[in-house]
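Undergrad: Quick one: sequence and predicted model below, then my questions.
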Amino acid sequence: MNTTIDEISDGIYRIGTFVPDAGMSFNQILVTGEEPLLFHTGMRALFPLVSAAVERVLPVEQLRWISFGHVEADESGSMNEWLAAAPSAQVAFGGLGCMVSVNDLADRAPRPLEDGEVLDIGGKRLRYVATPHVPHGWEAGVFYEETTNTLLGGDLFTQMGDGPAISDDSPMEATIAAEDAFGYSSLAPTTVATVTGLAELKPTTLALMHGPAHHGNGGAWLRDLADSYAERTAAVAQGATA
Ligand SMILES: [Fe+2]
Ligand SMILES: [Fe+2]
């Protein structure tokens, strides 16, 4: 497997590995600053590739924060490998997820984040936004990096295939295809409102786990995503009453 690294916003890097067996890329987002942060760790098997990619930007032991959107192998699987490799690093994660899982799973105590709290890493400001069950996981959340208008969206806009690292196109067509294939999103009563709320951040870069980094009108694309969830939810409701 080949791991690439591309700067997608000023000082923010997408580390991408296409995994043929899964038919999709698994990306991690490295946010540089006085206290560098890695957003989603990748699975344990990817750790040698991902840590070598980080080393192309900064020494792994300089990482201060390890974070992820929810608890899952590709999100948090190698969390403890990173904590071992970076002695000053600490997991930063939503308070609910710390209470439910990470207080127990992490080898060092995590730093719990409140919804809306800004993690100032020196040069970058990461606003934590809790997104329960969006796209899945009670403990789910994303980061909005305020200085570059970058949304670290995790599994939002999941796409299949081995695409480019960076795209100026809408992610929606590929996102709908992946949702049709996997059904990975929870169609909770709050899903549409949560995604509509993210659209109000008006990000200009979408940094995704499975797919390119998309530059453009992120607010419009998030409204499109909310609309597609509304259609799916209505279709399910229709089926339930038919
Ligand atoms: Fe996930
Ligand atoms: Fe994922």
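TA: Looks like it came in fine. Please read these numbers as outputs of a predicted model, since none were measured by experiment. Residues are numbered from 1 along each chain as shown. Ligands and ions are numbered 1, 2, ... in the order given.

Undergrad: Tell me the residues of the chain that contact ligand 1?
TA: E72, D155 (C-beta under 5 Å from the ion). C-beta coordinates here come from the backbone N, C-alpha and C atoms, glycine included.

Undergrad: can you pull out the strands in the chain?
TA: 3-9, 12-19, 24-31, 37-39, 65-67, 90-94, 111-113, 118-120, 125-130, 141-145, 150-154, 166-167, 205-208, 213-215 (DSSP state E).

Undergrad: any low-confidence regions in this structure?
TA: Scanning the chain for pLDDT under 70 picks out nothing.

Undergrad: Geometric centre of this structure: which residue is closest?
TA: G154 (1.9 Å; C-alpha atoms, centre = their mean).

Undergrad: Dig out what L113 forms beta bridges with.
TA: Beta-bridge partners for L113, by DSSP bridges, are G94.

Undergrad: burial of it, as a residue count?
TA: Neighbourhood size, L113 [other C-beta atoms under 10 Å]: 24.

Undergrad: Name all residues that make contact with it.
TA: By C-beta atoms under 8 Å, 6 or more residues apart in numbering, L113 lies in contact with A92, F93, G94, G95, L119, Y128, G141.

Undergrad: which residues sit against the biggest helix by length in the chain?
TA: As assigned by DSSP state H, the longest helix anywhere in the chain is helix 218-241. Outside of helix 218-241, the residues within contact range by C-beta under 8 Å, 6+ apart are 149, 151, 156-157, 170-172, 175-176, 179, 185, 187, 191-192, 195-196, 198-206, 214.

Undergrad: the inter-axis angle of that helix versus strand 150-154?
TA: Per axes from the mean of the first three to the mean of the last three C-alpha atoms, to 10 degrees, the angle that helix 218-241 makes with strand 150-154 is 30 degrees.

Undergrad: quick one: helix 218-241 to chain centroid distance?
TA: 21 Å (C-alpha atoms, centre = their mean, to the nearest Å).

Undergrad: Give me the buried positions along that helix.
TA: For helix 218-241, a neighbour-count test (16 or more other C-beta atoms under 10 Å) marks G218, G219, W221, L222, R223, D224, L225, A226, S228, Y229, R232 as buried.

Undergrad: how much space between the fourth one and A177?
TA: Going back to what we said before, that points to L222. Distance of L222 to A177, computed by C-beta to C-beta, to the nearest Å: 18 Å.

Undergrad: what's the answer for the third one, then?
TA: For W221, the distance to A177 equals 15 Å [C-beta to C-beta].

Undergrad: cool, and E81?
TA: On the measure of C-beta to C-beta, E81 and A177 end up 33 Å apart.

Undergrad: With neighbour numbers in mind, choose between those two.
TA: Ranked by neighbour count (other C-beta under 10 Å), E81 and A177 place E81 first, with 19 against 14.

Undergrad: Find the nearest non-adjacent residue to that one, please.
TA: F47 (4.7 Å; C-beta to C-beta, 6 or more residues apart in numbering).
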